[in-house]
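*Asks:* from the sequence below, what's the structure:
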Amino acid sequence: MTPHLRLLALAVAALATLASPARADSDEAAMRASFALLGDVPYGVAEEPKFDRGIDSINGTPSVRFVVHTGDVKQGSERCDDAVFLKRFAQYQKFQTAFIVTPGDNDWTDCHRSNNGRYLPTERLARFRQVFYPQAGYTTGQRPFQVQTQAAVPGYGDYVENALWRFAGTTMATLHVVGSNNNLDPWNQLDAADSYDTPRADRLAEFAARQAAALAWIDTVFDRAEADRSAGVMIAMQANPAFELPAADRQRQGFNQVLDRLGRRAQAFGKPVLLAHGDSHYFRLDKPLQRPLPSGGSAMLENFTRVENFGSPSVHWVEVSVDPRDPNVFQVKPHIVPANVFPR
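*Replies:* Next up, the predicted model:
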């Protein structure tokens, strides 16, 4: 067994030897609990010490019950080798709570780049799934808990990364939607003939299948939230879906159907909905989604909020507190790791 495979085997064994998995909402104390949100870190070896300090900050915050990483476990110019995946997976297992990750474009779609190793992106996605989801239906981290996975649904067996769980009276989920226009950007460093005008058939097939899975998963999440009378919904994905662009813009093509489905289900749900994402490395909290008005035009969808986590080179994190007794349900607090602040 190679050292890299041995590392993965040890991580899986550690999961198996833990006591029965914790539940995200296992006790009344969770009613005022929180989770940590981060993504787009660490970018390269140089940021790994900074990320370790971020891990220490999160581990030292008792209210945090689990960690959500919105993807990009590596930088866009970093190789997509197994060794990088395994090294990052091992670093994420330092979290003393559960750890949940959704893939990012740097993790597979952009692996066609020459400086990434000119990998076939779909092959790298399959490998990413093997490494980061070693036991389907469970998180990783030092205190894993069981989740519902879309892979258990007939017809969606590949989508182990789409997960759903309950927490503090709310319904939470991950959704595999990535940057690079959700994989509509060509793999042109692997195949010079691949373009928007002459797309590779396998790239378009991957996009279509994953988009269908994402749309079905959004419906599953809101159906569950409505059945459980959840106080709110949180969905985490990697891509910044270009809210500010018109629907006809080419760089919105990969996100239009997802945004439409999220908007319609959030409006019908009527309670707070939080969309968490990374991708553009800019911490923000806003209400970017519009709803159509009966008289024409559009207006802000008031119950829909977007939070974007910090990203490289800002190696910090966001705490999201959840209280179903609060009308807003979700409260967002940025945490600046002092040792990671750039020198003035």
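
*Asks:* residues touching N183, list them.
*Replies:* For N183, the contact set (Cβ atoms under 8 Å, 6 or more residues apart in numbering) comprises 105, 109, 121, 203, 206-207, 210, 254. Glycine gets a C-beta too; all of them are placed from N, C-alpha and C.

*Asks:* let's see it at 6 Å
*Replies:* 109, 207 (Cβ atoms under 6 Å, 6 or more residues apart in numbering).

*Asks:* same check, this time on the one 3 residues further on
*Replies:* Taking Cβ under 6 Å, 6+ apart as the definition of contact, the neighbours of P186 are 194-195.

*Asks:* quick check: it vs S77, distance?
*Replies:* Distance, P186 to S77, using Cβ to Cβ, to the nearest Å: 18 Å.

*Asks:* verify the stated contact: R284 with N309.
*Replies:* No. R284 is beyond contact range of N309, at 9.4 Å (criterion: Cβ atoms under 6 Å).

*Asks:* what about the two, which has more around it?
*Replies:* Neighbour count, other Cβ atoms under 10 Å: between R284 and N309, N309 has more, with 29 against 12.

*Asks:* contacts only, for R224.
*Replies:* T171.

*Asks:* quickly find the element holding it.
*Replies:* R224 is part of helix 201-227, with elements assigned from DSSP states H and E.

*Asks:* can you give me the buried ones in that helix?
*Replies:* Residues 203, 206-207, 210-211, 213-218, 220-222, 224-226 are the ones in helix 201-227 that count as buried (16 or more other Cβ atoms under 10 Å).

*Asks:* show me where the stretch 201-344 of the chain dips below the pLDDT cut-off.
*Replies:* Scanning the stretch 201-344 of the chain for pLDDT under 70 picks out nothing.

*Asks:* quick one: the helices in it?
*Replies:* Assigned helices in the stretch 201-344 of the chain, in chain order: 201-227, 256-269 (criterion: DSSP state H, counting those that start in this stretch).

*Asks:* make JSON lines out of those helices and add distance to I235.
*Replies:* Listed next are the helices of the stretch 201-344 of the chain as JSON lines, based on distance: least, Cβ to Cβ, whole Å:
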{"stretch": "helix 201-227", "distance to I235": "6"}
{"stretch": "helix 256-269", "distance to I235": "7"}
